[in-house]
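> Please find the sequence and the predicted model below.
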Number of protein chains: 2
Amino acid sequence: MRELQERILREGKNLGNGILKVDGFINHQVDPALMDACGKELARRFKDVGATKVLTAEISGIAPAVTTALHLELPVVYARKHKPITMPDQVFLTLSPSHTKGRMVELIVSPEYLGHGERVLIIDDFLATGATILGLVRLAQTAGSTLVGIGALIEKTFEGGRAALSHLGVPIESLAQIVSMEGDQIKFAVE
Amino acid sequence: MRELQERILREGKNLGNGILKVDGFINHQVDPALMDACGKELARRFKDVGATKVLTAEISGIAPAVTTALHLELPVVYARKHKPITMPDQVFLTLSPSHTKGRMVELIVSPEYLGHGERVLIIDDFLATGATILGLVRLAQTAGSTLVGIGALIEKTFEGGRAALSHLGVPIESLAQIVSMEGDQIKFAVE
């Protein structure tokens, strides 16, 4: 998606070690119009998968998941990293390594909002190693839901996430595919 | 706002001790169409305050802040509770008591995205004691920004937040005002 790619080139920062800073429009400051355009495009790409629910992980998955779900007219569930007091004692919980935190984090979903027979579309900001998304997949599977697709704003193809998710046999879509981040460069796949 | 009030009556749960569970459409599962309608209404109420930025706190402020900002055509900044590695060493940081966590949490904003001369509209999911919003106000003031308004989806008037914020002299708007939560009841202010 040209609009997102141009924004990354203009405002994204390669901090080294594969870390892409997009805090100016996705991860701390959010550009709602851009998120809405991205959500519209993801909704277009997944309009025929028969999703009944969008699943994401707090925190930075929320904005793109909400805009995608708005255009698909579906509810969103965001996996929590800490169990709030409003959640029942029995939950779906999995552990997932956090790239930016250097430790395992919990991903928790209440059985109230993810259940048997749901057709789940996972949306996140990044597809990197695929670890967070695999955590969400395990939650969906444990809940008895069917995974129907995986979408991300930005894919770092050199971190292998797509290969790690390919056995799931569902469509995987990303709106900007970064193939390398050598030095301070950010190189995109040719569309 | 009738739509939100009816949804709270239908699906909200009074868990006692003033805790309102709205996990089915705001705090864990999100109804994007409802969030968009709420954002549109908050945008309407604040259209004349001359805001240049919407400020909120992660996590559950993100959805209503993004939809409000979408309708106002403004960027959103969400204060982080943990400093990510992409943030510079010098940040704006304040401590705020968390009602649902029973301890102080940090609210952190990067000076890159909140600065002198910004006109800040604060949007959050709840206005209860006003403590989180006062934390956001301190961040905005420290940054040299001007506060121009405060909006929330749900106000619990019996927790006194509006009074705690009144000295700020800015318009305060909420879309559903709960005046009491005795027993398992949820009572709204008469509109």
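Arrived safely.

> now check the longest helix along chain A, is it near chain B?
In terms of residue count, the longest helix belonging to chain A (DSSP state H) is helix A:32-45. Yes. Judged by Cβ under 8 Å from any Cβ of the partner chain, helix A:32-45 comes into contact with chain B through A:32-33, A:35-36. C-beta coordinates here come from the backbone N, C-alpha and C atoms, glycine included.

> So which of those residues is the closest to chain B?
For those, the minimum distance to chain B (Cβ to the nearest Cβ) is 3.8 Å, reached by A:Pro32.

> Tell me which stretches of chain A form strands.
According to DSSP state E, chain A carries its strands in the segments A:13-14, A:20-21, A:29-30, A:53-57, A:76-79, A:92-98, A:103-109, A:119-127, A:146-156, A:172-180, A:187-188.

> Tell me the helices and strands packed up against the fourth one.
Packed against strand A:53-57 by the contact rule (3 or more Cβ pairs under 8 Å, 6 or more residues apart in numbering or on different chains; DSSP states H and E) you find helix A:62-72, strand A:76-79, strand A:119-127, helix A:131-142.

> what bridges to A:Met104?
A:Pro97 (DSSP bridges).

> Report the central residue of chain A.
Nearest to the mean C-alpha position of chain A, by Cα atoms, centre = their mean, lies A:Asp124 at 1.1 Å.

> Setting aside sequence neighbours, what's the nearest residue to it?
Leaving aside its sequence neighbours, A:Asp124 sits nearest to A:Gly61 (Cβ to Cβ, 6 or more residues apart in numbering or on different chains; 4.4 Å).

> That neighbour contacts A:Ile133, doesn't it?
No. With contact defined as Cβ atoms under 8 Å, A:Gly61 does not count as touching A:Ile133 (9.6 Å).

> related to what we said a few turns ago, relative to B:Leu93, which of the helices and strands packed on strand A:53-57 is closest?
Among the helices and strands packed on strand A:53-57, the nearest to B:Leu93 by Cβ to Cβ is helix A:62-72 (22.2 Å).

> tell me the mean pLDDT over that closest one?
Averaging pLDDT along helix A:62-72 gives 98.

> ok, is it in contact with chain B or not?
Yes. Interface with chain B: helix A:62-72 contributes A:62-63, A:66-67, A:69-70 (Cβ under 8 Å from any Cβ).

> my guess is A:Leu168 meets A:Thr146, correct?
No. Counting by Cβ under 8 Å, A:Leu168 does not reach A:Thr146; the two are 10.8 Å apart.

> Tell me where chain A is predicted with low confidence.
Within chain A, the segments meeting pLDDT under 70 span A:191.

> contacting residues around A:Glu106?
A:81-83, A:93-96 (Cβ atoms under 8 Å, 6 or more residues apart in numbering or on different chains).

> Now which of the residues you listed would you call buried?
Among these, those scoring as buried are A:81, A:93-94, A:96 (criterion: 16 or more other Cβ atoms under 10 Å in any protein chain shown).
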